[in-house]
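Novice: need a 3D model of the following:
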Amino acid sequence: MTDAPATDPTPTDAPGARPEAAETARALFSERFDAVPLGTWSAPGRVNLIGEHTDYNDGFVLPFAIQHRTHVALGTRADGVIRVVSTFADDAVEVPLAELDALFPDGRDTVAEWARYPLGVAWALQRAAGRDPVTLVGVDLAFASDVPVGAGLSSSAAIEGATASALAAIWGIDLDRTALARVGRTAENEAVGAPTGIMDQMASMLGRADAAIFLDCRSLEAEVIDLGFADAGLELVVIDTGVSHSHATGGYGERRAACERGAEAMGATALRDVSVSDLPRAQELLDDVTFRRMRHVVTENQRVLDTVATLAAQGPASVGPLLVASHASMRDDFEISVPELDTAVEAALAAGAIGARMTGGGFGGAAIALVARDGVDAVTDAVTAAFADAGFAAPTIFTVTPSAGAARD
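Specialist: Residues are numbered from 1 along each chain as shown. Next up is the predicted model:
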């Protein structure tokens with residue numbers, strides 16, 4: 001594994017960017033601010049191929065950036081204020097840059113939740129760079145996105161990555177992509193109040209076309225892993241159940257606390273330091289729920305390592321059983337699946353998918369299925385029919401392509 005490249009956080013091209021959302025951001029900027037933006041920046045959502053709830057346990061993950069992106073149009077202003085608008089909220093939110101320290105983290109509940117993401121990034125970025133806010137130019141930001149919200153594709157990290165890239169460029173802050181990912185995580189943890197790890201931000205910043213990012217969440221070392229989906233004739237299908245979730249709600253925090261209890265009982269800094277061979281001893285020490293939470297993380301870490309090895313040795317068509325085992329672990333041990341996700345996985349597998357699992361934080365969102373290209377329609381039809389039979393609302397089903405990370409459009 002090699003260090004993530006410290007490349008320019010704002011290159012001038014974003015392969016895979018979808019121009020409609022960029023144009024929408026520019027049009028919104030012009031409409032709301034009666035001005036022409038200096039430019040637009042964007043960052044992608046992500047799909048996690050495997051490695052769920054391992055990131056905040058210092059473990060391993062294997063996400064990739066997708067073609068769906070959040071775009072931000074930016075202009076400067078002379079009064080030291082940051083003002084944000086978006087297509088997904090009616091009202092503008094504005095705060096003097098010098099008052100962000102008073103707002104976050106303790107005053108975050110006074111700000112609309114969506115606005116905490118970009119404002120939190122501005123706050124975290126100036127802290128990370130050691131910059132006095134009175135030395136920074138004020139900004140207007142207008143956001144538009146085609147990353148599905150609530151589907152577990154990390155629309156939040158896309159907002160954070162786009163904002164961090166744009167502000168770093170305008171403010172002349174020379175931080176590499178890993179540092180900007182840390183800024184995004186700080187914003188999400190402290191400004192938003194969601195106790196997430198750094199996987200989403202790293203995937204959004206470091207994404208590469210036709211590849212995944214094998215990330216060590218302790219060291220933040222990253223390695224680009226060729227996926228080979230295209231050459232193998234495979235597609236990655238996303239099944240958005242339409243069941244909304246929020247990482248800031250109790251279920252996520254409760255599971256993180258259980259992981260911390262388990263690590264402490266084992267005398268470990270984090271569950272990263274617990275191996276599969278340690279599980280029998282852990283079962284003797286822990287109550288059933290805490291043990292099962294631990295077992296998911298420990299075995300999921302091993303599944304990430306096994307997936308990377310399998311991709312290299314046998315190719316992507318051989319990783320299906322690891323995806324299926326991951327879903328079973330999240331369903332039974334971590335208990336973060338819901339009936340819609342289980343239905344999506346079961347129907348996709350019955351229709352011939354190579355592998356399938358829920359993806360993202362859980363309690364709703366999306367499942368993924370690895371499918372032969374000529375089998376996508378069959379899987380789509382089978383999942384749609386299964387949802388109808390179960391009385392669920394129709395899912396949204398689409399394919400995603402591993403794509404480039406944050407960039408200037």
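
Novice: can you check which helix is longest in this protein?
Specialist: In the chain, taking DSSP state H as the definition, the longest helix is helix 288-314.

Novice: from the contact counts, what lies against it?
Specialist: strand 39-50, strand 60-77, strand 222-226, helix 250-265, helix 279-285, helix 320-332 (3 or more C-beta pairs under 8 Å, 6 or more residues apart in numbering; DSSP states H and E). Where you see a C-beta, it was placed from the backbone N, CA and C, and this is true even at glycine.

Novice: buried residues of whatever helix or strand comes next after the last one, list them for me.
Specialist: The reference is to helix 320-332. Using DSSP states H and E, the next helix or strand after helix 320-332 towards the C-terminus is helix 339-350. Applying a neighbour-count criterion of 16 or more other C-beta atoms under 10 Å, one finds 340-349 buried in helix 339-350.

Novice: which of the residues you listed lies closest to residue 139?
Specialist: residue 341 (38.9 Å; C-beta to C-beta).

Novice: the closest one against residue 367, yeah?
Specialist: Yes. Using C-beta atoms under 8 Å, residue 341 is in contact with residue 367, at 5.2 Å.

Novice: list residues touching both of those two?
Specialist: Common neighbours of residue 341 and residue 367 (criterion: C-beta atoms under 8 Å, 6 or more residues apart in numbering): 241, 358.

Novice: quick one: low-confidence ranges for the stretch 1-150 of the chain?
Specialist: For the stretch 1-150 of the chain, the stretches flagged by pLDDT under 70 are 1-19, 150.

Novice: that one: strands as residue ranges?
Specialist: Remark: strands assigned in the stretch 1-150 of the chain by DSSP state E, counting those that start in this stretch are 39-50, 60-77, 81-86, 89-96, 138-145.

Novice: make CSV out of those and add distance to residue 317.
Specialist: As requested, these are exported to CSV (distance: least, C-beta to C-beta, whole Å):
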stretch, distance to residue 317
strand 39-50, 14
strand 60-77, 16
strand 81-86, 40
strand 89-96, 43
strand 138-145, 33
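
Novice: deepest in the core, which of those is it.
Specialist: Stretch with highest mean neighbour count among those: strand 39-50 (a mean of 29; mean count of other C-beta atoms under 10 Å).

Novice: what lines up beside that strand in the sheet?
Specialist: strand 60-77 (antiparallel), strand 407-408 (antiparallel) (DSSP bridges).

Novice: ok now that strand, how far from the chain's centre?
Specialist: Here strand 39-50 is found 8 Å from its chain centre; the criterion is C-alpha atoms, centre = their mean, to the nearest Å.

Novice: what's the answer for stretch 358-365, then?
Specialist: Relative to the centre of its chain, stretch 358-365 is centred 11 Å away, using C-alpha atoms, centre = their mean.

Novice: show the average pLDDT along that stretch.
Specialist: Computed over stretch 358-365, the mean pLDDT rounds to 88.

Novice: could the C-alpha coordinates of that stretch be exported in CSV?
Specialist: Extracted in CSV, the C-alpha atoms of stretch 358-365 (Å, rounded to 0.1, in the frame of the first residue of the first chain):
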residue,chain,number,x,y,z
MET,A,358,-26.4,-3.3,1.2
THR,A,359,-24.0,-0.4,1.0
GLY,A,360,-23.6,2.7,3.2
GLY,A,361,-24.4,3.3,6.8
GLY,A,362,-27.6,1.3,6.9
PHE,A,363,-31.1,1.8,8.2
GLY,A,364,-32.2,2.5,4.7
GLY,A,365,-30.5,3.7,1.6
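
Novice: contacts for that stretch next, please.
Specialist: Contacts of stretch 358-365 (C-beta under 8 Å, 6+ apart): 47-48, 52-53, 150-154, 196, 238, 240-241, 243-245, 247, 249, 251-252, 327, 330-331, 334, 336-338, 340-341, 344-345, 366-368.

Novice: show the buried residues in these.
Specialist: 47-48, 52-53, 150-154, 196, 238, 240-241, 243, 245, 247, 252, 327, 330-331, 334, 336-338, 340-341, 344-345, 366-368.

Novice: returning to what we had before: let me have the strands paired with strand 39-50 in JSON lines, adding distance to residue 108 as columns.
Specialist: Shown next, in JSON lines, are the strands paired with strand 39-50 (distance: least, C-beta to C-beta, whole Å):
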{"stretch": "strand 60-77", "distance to residue 108": "20"}
{"stretch": "strand 407-408", "distance to residue 108": "29"}
